[in-house]
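Visitor: I'll drop the sequence and a predicted model, then ask my questions.
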Amino acid sequence: MDLKTKKITVMGLAKTGVACARFLASRGAQVTATDLRDQQALAGVMRELADTGIRFVVEHHDAADFLNADLVVVSPGVPQEHPLLMAAKAKGVKIVSEVELASHFISAPLVAITGTNGKTTTTTLAGELFKASGFATYIGGNIGDPLIDLPTSGNAVDVVVAEISSFQLEWITAFRPTVAALLNLSEDHLDRYASYQDYINAKLRIFENQIASDFAVVNRDDELVWQAARSLRAQLFPFSRSQALEEGIFFLGSEIIYRHQGQELRFPVAGFKLQGVHNLENIMAALACGLLLGCDQAKSQALLERFSSLHHRMEFVREVNGVSYYEDSKATNVGSVAKALESFQDITLIAGGKDKGGAYAPLAPLVKQRVRHLLLIGEASERMRQELGGLTDTRRADSLEQAVHLAAELTGPGGVVLLSPACSSFDMFKDYEERAQRFITAVREL
């Protein structure tokens, strides 16, 4: 991709937008960076990019910057239906996402991981597996550093491991992972997509440029994933925690078993620090990505025995009066909450927050079987009460702190208090991390 002297508009100056603008300017492009925030809000960004020759347009977007551009680079937060993007597309202007731009300047094999839930844990774990086996590894994408920071740095690596969101896949044309993994699919981001199928279609784009020599790591136990995977060009490599596979990776008894082209490797799980059925799936997916590209069995086993869970994903907080408290604030959709509920019995579940548009009814069987008390908070509490409230003892709380104190009163020894909201946090908190910290603080003060 030749960038020199090209007129390029970068839309949105969050982390990826800033990284793209810096990279494009370094390659000799004429860069216009545009953002709806005012100059005061963008002062730090503008100082950071002050010596790059970038032209800034703030507080508004100028149509001419889109219609007259050779290329538009879009930040993930901007929906595809934005009128200026639609107008530029209609005029034939090329529009790309940051991951698409970066992929043109990355020569190392790319492992790309997506799915509704588990992306961050699986991506981090896969990256650490490669590092443990001696690969110079770059971990980025939707977590950590943007992919475009790698070509900006000029560093040579053996492999790139990237978490990829549906938003990042919306404007790809040539983005092609050597290994692409789809972990699972459940309703999410219906405040962004017109339908669940539109969301699914966006996720599936991770495979669209793969060829027969590439690998598609897919969840055999997720029927939506499996149905979609059957028509892929890449070599299918399924993972399963419910059935043995002739080719793939699966859980049986007390071992994870990897089978590929007649080779069989076994990984005892007894020493693994990551717990929960969702993490069993994450481990299998990460192992598949690593082993398919040459990771060592013994070094992978050793890494798995020291790798701990990431913050805000089924994280144990403390035990009080025989009750265990777990914080799962990153569980912002129904699919992730279902995995959490499968991991426990006798649960007092604290849920609710900002509604993302999906149905809560799929949780009904697990709520009925495993949730003894359901404590609801936030904007979504009434709709959650309507869909799930008749299945178990259900109460509403005015704050997260009140919910924690109510949970402590209701839950007997041996029970589990679980914050797993099934909603985003923006009605009551800055983000899911603030929600997590407030829960942890309330539990520690019991």
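Guide: Done, it's in.
Visitor: Flag every buried residue along the lengthiest helix in the chain.
Guide: Using DSSP state H, we find that the single longest helix of the chain is helix 277-292. Judged by neighbour count using 16 or more other C-beta atoms under 10 Å, the buried positions of helix 277-292 are 278-292. Quick note: C-beta positions are derived from backbone N, CA and C, even for glycine.
Visitor: Nearest to T5 among the residues you listed?
Guide: Using C-beta to C-beta, C289 comes nearest to T5 of the buried residues of helix 277-292, at 38.9 Å.
Visitor: Mind listing residues that contact stretch 359-376?
Guide: Stretch 359-376 has contacts (C-beta atoms under 8 Å, 6 or more residues apart in numbering) with 186-187, 334, 337-338, 341-342, 344-352, 383-385, 387-389, 391-397, 403, 406-407, 410-411, 415, 422.
Visitor: go on, stretch 69-85?
Guide: With contact meaning C-beta under 8 Å, 6+ apart, stretch 69-85 is reached by 6-14, 16-17, 20, 24, 32, 61, 63, 66, 88, 93-98, 101, 142, 165, 167-168, 170-171, 192.
Visitor: One more pass at 7 Å, please.
Guide: Stretch 69-85 is contacted from outside by 6-12, 14, 16-17, 20, 61, 63, 66, 88, 93-98, 101, 165, 167-168, 170-171, 192, using C-beta atoms under 7 Å, 6 or more residues apart in numbering.
Visitor: Just the buried subset of those, please.
Guide: Using 16+ other C-beta under 10 Å as the burial test, the contacts of stretch 69-85 include 6, 8-12, 16-17, 20, 61, 66, 88, 93-98, 101, 165, 167-168, 170-171, 192 as buried.
Visitor: residue boundaries of the helices in the stretch 51-200 of the chain?
Guide: Here the stretch 51-200 of the chain has its helices, by DSSP state H, counting those that start in this stretch, at 63-67, 83-90, 98-103, 119-132, 149-153, 196-204.
Visitor: Which stretch among those helices approaches S213 most closely?
Guide: Closest to S213 of these is helix 98-103 (C-beta to C-beta; 16.9 Å).
Visitor: CA atoms of the closest one as CSV?
Guide: Output of helix 98-103 as CSV, limited to C-alpha atoms (Å, rounded to 0.1, in the frame of the first residue of the first chain):
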residue,chain,number,x,y,z
GLU,A,98,-7.0,0.2,11.5
VAL,A,99,-6.4,-3.6,11.5
GLU,A,100,-6.8,-3.6,7.7
LEU,A,101,-4.3,-0.8,7.3
ALA,A,102,-1.8,-2.6,9.7
SER,A,103,-2.1,-5.9,7.9
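Visitor: Quick one: mean pLDDT for stretch 39-48?
Guide: Taken as a whole, stretch 39-48 carries a mean pLDDT of 94.
Visitor: could I get that stretch in PDB with only the CA atoms?
Guide: Provided in PDB are the C-alpha atoms of stretch 39-48 (Å, rounded to 0.1, in the frame of the first residue of the first chain):
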ATOM      1  CA  GLN A  39      -9.800  21.400  21.200                       C
ATOM      2  CA  GLN A  40      -9.700  21.300  24.900                       C
ATOM      3  CA  ALA A  41     -10.600  17.700  25.100                       C
ATOM      4  CA  LEU A  42      -8.100  16.900  22.300                       C
ATOM      5  CA  ALA A  43      -5.300  19.100  23.700                       C
ATOM      6  CA  GLY A  44      -3.100  16.100  24.800                       C
ATOM      7  CA  VAL A  45      -3.500  14.300  21.500                       C
ATOM      8  CA  MET A  46      -2.700  17.500  19.500                       C
ATOM      9  CA  ARG A  47       0.400  18.000  21.500                       C
ATOM     10  CA  GLU A  48       1.400  14.400  21.000                       C
END
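Visitor: What residues of that stretch count as buried?
Guide: So stretch 39-48, judged by 16+ other C-beta under 10 Å, has buried residues 42, 45.
Visitor: Could you do stretch 168-181 as well?
Guide: Applying 16+ other C-beta under 10 Å to stretch 168-181 flags 168-172, 175-181 as buried.
Visitor: do you know how far T121 is from G415?
Guide: For T121, the distance to G415 equals 26 Å [C-beta to C-beta, to the nearest Å].
Visitor: ok, those two, which is more surrounded?
Guide: The neighbour comparison of T121 against G415 (other C-beta atoms under 10 Å) goes to T121, with 27 against 20.
Visitor: Show the pLDDT at that one.
Guide: Note on T121: pLDDT of 90.
Visitor: Looks like it contacts N282 (just checking).
Guide: Yes - taking contacts as C-beta atoms under 7 Å, T121 lies within contact range of N282: 4.8 Å.
Visitor: Where strands are concerned, which of the buried residues of stretch 168-181 count?
Guide: Those of the buried residues of stretch 168-181 mapping onto strands are 179-181, per DSSP state E.
Visitor: Okay, now the unreliable bits of the stretch 51-200 of the chain?
Guide: Applying pLDDT under 70 to the stretch 51-200 of the chain flags residues 190.
Visitor: Find me the pLDDT at M314, would you?
Guide: For M314, the pLDDT comes out at 79.
Visitor: Tell me how many other residues crowd it.
Guide: Residues lying near M314 (other C-beta under 10 Å) number 24.
Visitor: Out of the helices of the stretch 51-200 of the chain, the one nearest M314 is which?
Guide: The closest of the helices of the stretch 51-200 of the chain to M314 is helix 119-132. By C-beta to C-beta, the value is 9.4 Å.
Visitor: For that closest one, name the packing helices and strands.
Guide: strand 110-114, strand 137-141, strand 159-163, helix 277-292, helix 297-304 (3 or more C-beta pairs under 7 Å, 6 or more residues apart in numbering; DSSP states H and E).
Visitor: Let me have the ones you listed in CSV, extended by distance to E379.
Guide: Below are the helices and strands packed on helix 119-132 laid out as CSV (distance: least, C-beta to C-beta, whole Å):
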stretch, distance to E379
strand 110-114, 28
strand 137-141, 30
strand 159-163, 28
helix 277-292, 26
helix 297-304, 39
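Visitor: starting at the chain centroid, how far to the longest helix of the chain?
Guide: Centroid displacement of helix 277-292 relative to its chain, using C-alpha atoms, centre = their mean, to the nearest Å, is 15 Å.
Visitor: again with stretch 68-77
Guide: Relative to its chain's centre, stretch 68-77 lies at 23 Å (C-alpha atoms, centre = their mean).
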